[in-house]
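In: Got a sequence here, can you build the structure:
(one chain, ligands or ions: 1)
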Amino acid sequence: MLSTPTPILVARQNDTTPAAGNKLIPVVVGGPQDTFVPNQISAAVGDIVQFQFSNGNHTVTQAAQNAPCTPLDGGINSGHIPFQDGQTTVGTFNMPVTSTYAMFLYCATGPHCQEGQIIVINPTDAQQVLDYTKASQSTEKSIDGTSVIGGTVAEIQLANAAFVPAPAMAAAAGGGGAPPAAAAPAASSSSAVTAKAIQPSSITNVTG
Ligand SMILES: [Cu+2]
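Out: Below is the predicted model of the structure:
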């Protein structure tokens, strides 16, 4: 006969030190594109997933498998955690893993979920991640979470983060990047790289 799985509870820790034998698993949120990297991970009970928030302003919010981009009752939620050019620290959300059942998470900012900004923890297989991404992209809009729950908001030094922030100018457009500043018209080779258009050190922002 079928029995209901017993919820597995572990002691909540307010730091980022997993118990012996467990891991701290970094996941990058946002950056040059509105993504989770990686967008699927395997985690054991007692591991801590450390979401590290790169460029933009993102959340990690839990949804049900059959209701993407919508907060799950009682699910985890980080709230909105921004990263702006020049920051030397990185906002984090440290989430203790309390179950090995597949867990579906999205970013509740703007259209990010419809753009496929989702992650599945302990998916049954890669196809489930693809299917969930498509289901998220098929929604009309996202619903924001309310309170911060299921983890601890903290910060780490940028030097210790698992990512390099987007170049300053590219980040301003939320990942799309502004067109290169009008430089000398180059021959129409394909070698132009937009990220090199402006030297960050030449930007002073004191006009006016
Ligand atoms: Cu986002």
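In: So what would you say the end-to-end distance of stretch 49-67 is?
Out: 23 Å (CA to CA, to the nearest Å).
In: ok, and for that stretch, which residues are buried?
Out: Neighbour-count burial for stretch 49-67 flags 49-63 (criterion: 16 or more other CB atoms under 10 Å). The C-beta positions use only the backbone N, C-alpha and C, and glycine is treated the same way.
In: Quick check: residue 28 is in a helix.
Out: No - looking at residue 28 with DSSP: H, G, I helix; E, B strand; the rest coil, it is strand, so not inside a helix.
In: hey, what's the most centrally placed residue in the chain bridged with?
Out: Closest to where the C-alpha atoms of the chain average out (CA atoms, centre = their mean) is residue 29, at 2.1 Å. Going by DSSP bridges, residue 29 is paired in beta bridges with residue 36, residue 53.
In: and this protein, which residues reach the ion?
Out: When proximity is defined by CB under 5 Å from the ion, the chain lies next to the ion at 34, 58, 107, 109, 112, 117.
In: burial count for the first one?
Out: Burial measure for residue 34: 21 neighbouring residues, criterion other CB atoms under 10 Å.
In: Wait, it touches residue 107, no?
Out: Yes - using CB atoms under 8 Å, residue 34 is in contact with residue 107, at 6.7 Å.
In: hey, what's in contact with both of the two?
Out: 58, 117 (CB atoms under 8 Å, 6 or more residues apart in numbering).
In: Tell me the secondary structure at residue 17.
Out: Judged by three-state DSSP, the three-state class of residue 17 is coil.
In: for the residue nearest to residue 101 when sequence neighbours are not counted, what are its contacts?
Out: Leaving aside its chain neighbours, residue 101 sits nearest to residue 122 (6.7 Å; criterion: CB to CB, 6 or more residues apart in numbering). Residue 122 makes contacts with 41-43, 100-103, as judged by CB under 8 Å, 6+ apart.
In: Now residue 136, what are its backbone angles?
Out: Dihedral pair for residue 136: phi -70, psi -40, per degrees, to the nearest 10.
In: where's it relative to residue 61, distance?
Out: 12 Å (CB to CB, to the nearest Å).
In: Give the residues shared as contacts by these two.
Out: With CB under 8 Å, 6+ apart, residue 136 and residue 61 have common neighbours residue 106.
In: I'd like the average pLDDT over stretch 89-107.
Out: Averaging pLDDT along stretch 89-107 gives 97.
In: How far off centre is stretch 93-105?
Out: Distance of stretch 93-105 from its chain centroid, counting by CA atoms, centre = their mean, to the nearest Å, is 14 Å.
In: What of stretch 122-142?
Out: 15 Å.
In: what's the span of that stretch, first residue to last?
Out: Start-to-end span of stretch 122-142 (CA to CA) is 23 Å.
In: again with stretch 33-42
Out: Where stretch 33-42 begins and where it ends lie 23 Å apart, using CA to CA.
In: Would you mark the buried spots in it?
Out: Quick answer for stretch 33-42 (16+ other CB under 10 Å): 33-37, 39-41.
In: Partner strands of the longest strand out of those in the chain and their direction?
Out: Scanning the chain for the longest strand, with DSSP state E as the assignment, gives strand 89-96. Using DSSP bridges, the strands paired with strand 89-96 are strand 48-53 (antiparallel), strand 152-157 (antiparallel).
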